[in-house]
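1. return a 3D structure for these sequence lines:
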Amino acid sequence: MAVRIVRLGSPRGTNEGIRIGTVRRPPRGVPKTEFASQNWYDVWFPNLAPSVETMKLGQQASTPAEWAAFIKKYRAEMTAPEASHALALLAALSRQSDFSVGCYCEDEAHCHRSVLRELLAEKGALLADAPDG
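-> The predicted structure follows:
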């Protein structure tokens with residue numbers, strides 16, 4: 001049992017389980033009925049996505065200082081009760097079942113899912129071994 005951190009739209013891995021999209025917006029040009037079959041996500045859960053303002057900060061970050069500012073702001077958003085409870089729930093579920101959470105970004109190191117991985121670990125989640133890259 002574990003949670004995997006994945007790139008949405010990538011081929012599904014073994015034991016990935018249900019795929020949860022922690023993104024602000026659904027994929028463009030894809031009918032809702034095809035989200036799962038095209039490997040985007042099975043369930044949309046924007047509660048753990050950065051706010052639009054914070055997401056733009058991360059997308060525009062081109063220096064380590066700008067990326068650190070994004071991380072600080074996203075982490076602050078994730079301390080809100082709704083987000084904190086959602087993280088705790090996913091951490092608890094990771095000890096009972098396989099599932100995955102993800103975002104569209106190509107590079108996990110420059111994506112909110114890298115921070116989400118850390119936040120889940122801090123809540124005691126069982127994480128699959130390696131980042132998806």
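2. which parts of stretch 40-58 are buried?
-> 40, 41, 44, 48, 49, 50, 54, 55, 57, 58 (16 or more other CB atoms under 10 Å). Glycine gets a C-beta too; all of them are placed from N, C-alpha and C.
3. ah, wrong one, I meant stretch 76-96
-> 78, 83, 86, 87, 90, 91, 93, 94.
4. just send the residues you listed back as CSV, with secondary structure, distance to residue 111 and pLDDT too.
-> Compiled in CSV, those are given as follows (DSSP: H, G, I helix; E, B strand; the rest coil; distance: CB to CB, whole Å; pLDDT from 0 to 100):
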residue, secondary structure, distance to residue 111, pLDDT
78, coil, 14, 98
83, helix, 17, 97
86, helix, 18, 97
87, helix, 17, 97
90, helix, 17, 97
91, helix, 20, 97
93, helix, 22, 96
94, helix, 20, 96
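5. low pLDDT regions in the chain?
-> Low-confidence regions of the chain, defined by pLDDT under 70, span residues 130-133.
6. hmm, back to that, now flag whichever of the buried residues of stretch 76-96 is closest to residue 126.
-> residue 94 (4.6 Å; CB to CB).
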